[in-house]
Every structure is written in structure tokens, then in C-alpha cells.
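**Q** no FASTA, just this:
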């Protein structure tokens with residue numbers, strides 16, 4: 001009895017894993033199409049340089065700089081190393097002219113750098129305040145000053161990564177709901193089908209074991225990975241989809257409540273992402289392996 005319940009759980013988790021892979025792939029495709037990483041990074045750079053205005057001259061000059069343009073064909077990189085940011089920022093400061101439009105000396109010391117930033121006026125007032133704080137911490141040590149700028153930038157990018165993560169979570173939830181409703185991945189229905197269909201249950205458990213083993217072994221070929229995912233998805237299709245029988249009882253309020261609750265549970269489950277369900281699948285299969293060691297392939301601990 002416990003073995004059957006465990007197999008039902010493994011089959012259900014395997015379905016959530018496959019739907020999570022599909023949803024994650026769609027979310028990532030949408031993010032790339034929208035250049036969302038680059039867009040959010042640009043907002044973060046504007047926050048760092050000006051306090052929020054991406055239309056300012058310094059932001060335009062920053063993204064027009066050869067070091068930044070070389071990071072992406074589109075001119076909007078999705079990642080900027082701290083070293084590249086610092087080199088670009090200092091170069092833009094060195095290019096700044098003094099108040100009298102004459103400055104034959106390059107800004108090679110902290111004092112000269114700060115004077116050039118101050119001379120820029122409102123154009124760099126925000127960054128001047130930040131750099132002034134960092135300069136007071138390091139004295140005349142230029143190397144430490146550069147390191148502090150890089151650390152400050154890394155801290156800012158951690159916040160930017162949080163912005164993207166929150167956006168991605170919302171998008172994944174929306175896509176997961178669409179995938180769940182489109183495939184009729186009702187949690188209650190799937191549990192019922194798995195509990196009453198030993199053959200299908202066995203197919204999904206076997207596919208789950210092979211999925212874990214193949215991942216542990218590391219399939220590096222993208223084409224091979226795609227073929228494995230396609231083959232696994234085909235195995236779960238008998239339990240998914242809308243049929244005429246699914247609409248019986250629609251005149252009862254209880255049917256709607258149960259159906260919507262089942263779909264909502266599945267939506268939340270799928271939105272947790274493929275890595276979450278892969279880890280859960282590994283744990284369940286290890287439990288199964290300890291019960292039926294002879295029937296299960298060796299899984300890594």
C-alpha cells in the first residue's frame with residue numbers, strides 16, 4: 001500500500017517536473033525576446049550612476065562607451081563585470097573637461113578624479129556623492145579606491161538581480177497557470193488516474209528513474225537533452241488534456257470548486273520550478289530504492 005502511494009507521488013512529482021521544464025523554457029524565451037535582463041540591468045546602471053534617470057547624459061555616454069558596446073551585439077548587455085564598469089566610469093570621468101575647458105593633466109589620482117567629477121556639476125552629482133564617500137574611506141590609495149568602486153557596484157548588482165528574480169517569478173507563475181489550464185493538469189485528477197492505472201504509474205516511475213540517472217551522468221549535448229525532454233513529455237501526455245468526460249458535472253458547484261482548486265494547486269506547484277521538483281524526485285526515488293533496491297537503478301546520494 002505504501003509502495004503504491006509512493007509511486008503515485010513519484011508520478012505526480014515527475015509530471016510537475018516536466019511541466020516546470022516547459023514553463024521555465026517559455027519564461028526564459030520570453031525574457032530573451034524582451035531583452036529583459038538587459039533592460040533591468042540598464043535600470044540598475046541608471047540607479048547607480050544618477051539615482052534613477054536612464055535618459056541622462058552620463059547613462060547615454062556609459063552605454064556608448066566601447067568597453068560596454070563590446071559586451072553585446074545589441075548594445076544592451078545582460079551582464080557587466082565590475083572591472084569593466086569601473087574602467088568605463090573612470091574613463092568617462094577622465095574625459096570630463098574642467099570648468100575653464102582646459103585640463104591637460106589626466107585624472108590619475110583620487111584627488112584629480114574627484115575634482116573632475118565635481119567640475120561636471122549636475123551631470124554627475126549623484127555619482128560624485130557616492131565616490132566622495134568611497135574616497136574618504138581609502139585616503140590616497142588608488143588601488144583600494146578602484147576595489148571599493150567594484151565592491152559597491154557588485155552590491156548594487158545584487159539588488160538588480162533581485163529585481164529580475166521577482167519579475168521572473170511573476171512571469172513563471174503566469175506561464176505556469178497557462179500551461180496548467182491548457183493541459184488540464186488538475187492535481188486531483190492526476191492523483192486519481194495514477195492511483196487507478198498501475199501500468200501508467202509504472203511507466204512514469206521508470207521515466208523518473210531514468211531522468212534522474214541521466215541528469216546525474218550529465219548529458220552535455222543540447223540536442224540530446226531536448227530529445228530526452230521530448231520523450232519524457234510524451235510519456236505524461238496520457239494523463240493530460242481535456243476530454244468530454246472532464247466536463248461531466250459542470251452543473252454542480254462542487255465540481256467547479258474541486259476542478260479550480262486542483263488546477264490552482266498544480267499552477268503553484270509548477271511555478272516552483274524544475275530544480276525544486278527534481279530535488280524532490282531524487283529524494284522520493286531514494287526512499288523507493290531503499291524499499292525496492294532490486295528494481296531501481298543506482299541513484300547518486
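**A** Great, that's in hand. Not measured: the values here are computed from a predicted model.
**Q** Return the set of buried residues in the helix or strand hosting residue 28.
**A** If you go by DSSP states H and E, residue 28 is part of helix 2-34. By neighbour count on 16 or more other Cβ atoms under 10 Å, the buried set for helix 2-34 is 6-24, 26-27, 31. The way it works is simple: take the backbone N, C-alpha and C, and place the C-beta from them, glycine included.
**Q** quick one: least confident helix or strand in the protein?
**A** Within the chain, no helix or strand scores below helix 110-119, which has a mean of 72 by mean pLDDT, DSSP states H and E.
**Q** shaky segments in the stretch 201-301 of the chain?
**A** 216-222, 249-250, 293-301 (pLDDT under 70).
**Q** so where do the helices sit in the stretch 201-301 of the chain?
**A** With DSSP state H, counting those that start in this stretch, the ranges of helices along the stretch 201-301 of the chain come out as 222-236, 253-271, 274-291.
**Q** Those helices: which one's closest to residue 73?
**A** helix 222-236 (21.0 Å; Cβ to Cβ).
**Q** So what touches the closest one?
**A** 14, 15, 18, 21, 22, 203, 204, 207, 211, 214, 219 (Cβ atoms under 8 Å, 6 or more residues apart in numbering).
**Q** tell me the contacts of the third one?
**A** Contacts of residue 18 were listed using Cβ under 8 Å, 6+ apart, and they are 229, 232, 233, 236.
**Q** May I ask which two of these are separated the most?
**A** The widest separation within the contacts of residue 18 (Cβ to Cβ) is 11.1 Å, between 229 and 236.
**Q** Neighbour count for those two, which is higher?
**A** The residue with more neighbours, out of residue 229 and residue 236, is residue 236; 22 against 16, by other Cβ atoms under 10 Å.
**Q** buried sites along the helix or strand harbouring residue 131?
**A** Element membership for residue 131, per DSSP H and E: helix 125-138. Residues of helix 125-138 classed as buried: 126, 127, 128, 130, 131, 134, 135, 138 (neighbour count, 16+ other Cβ under 10 Å).
**Q** Is it possible to get CSV of the residues you listed that adds pLDDT and distance to residue 155?
**A** Formatted as CSV, those follow (pLDDT from 0 to 100; distance: Cβ to Cβ, whole Å):
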residue, pLDDT, distance to residue 155
126, 80, 16
127, 82, 15
128, 80, 19
130, 87, 11
131, 86, 15
134, 87, 12
135, 85, 17
138, 84, 16
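**Q** And for residue 176, the neighbour number?
**A** Neighbours of residue 176 (other Cβ under 10 Å): 27.
**Q** Is it in contact with residue 23, as I believe?
**A** Yes. At 4.6 Å, residue 176 counts as touching residue 23 under the criterion of Cβ atoms under 8 Å.
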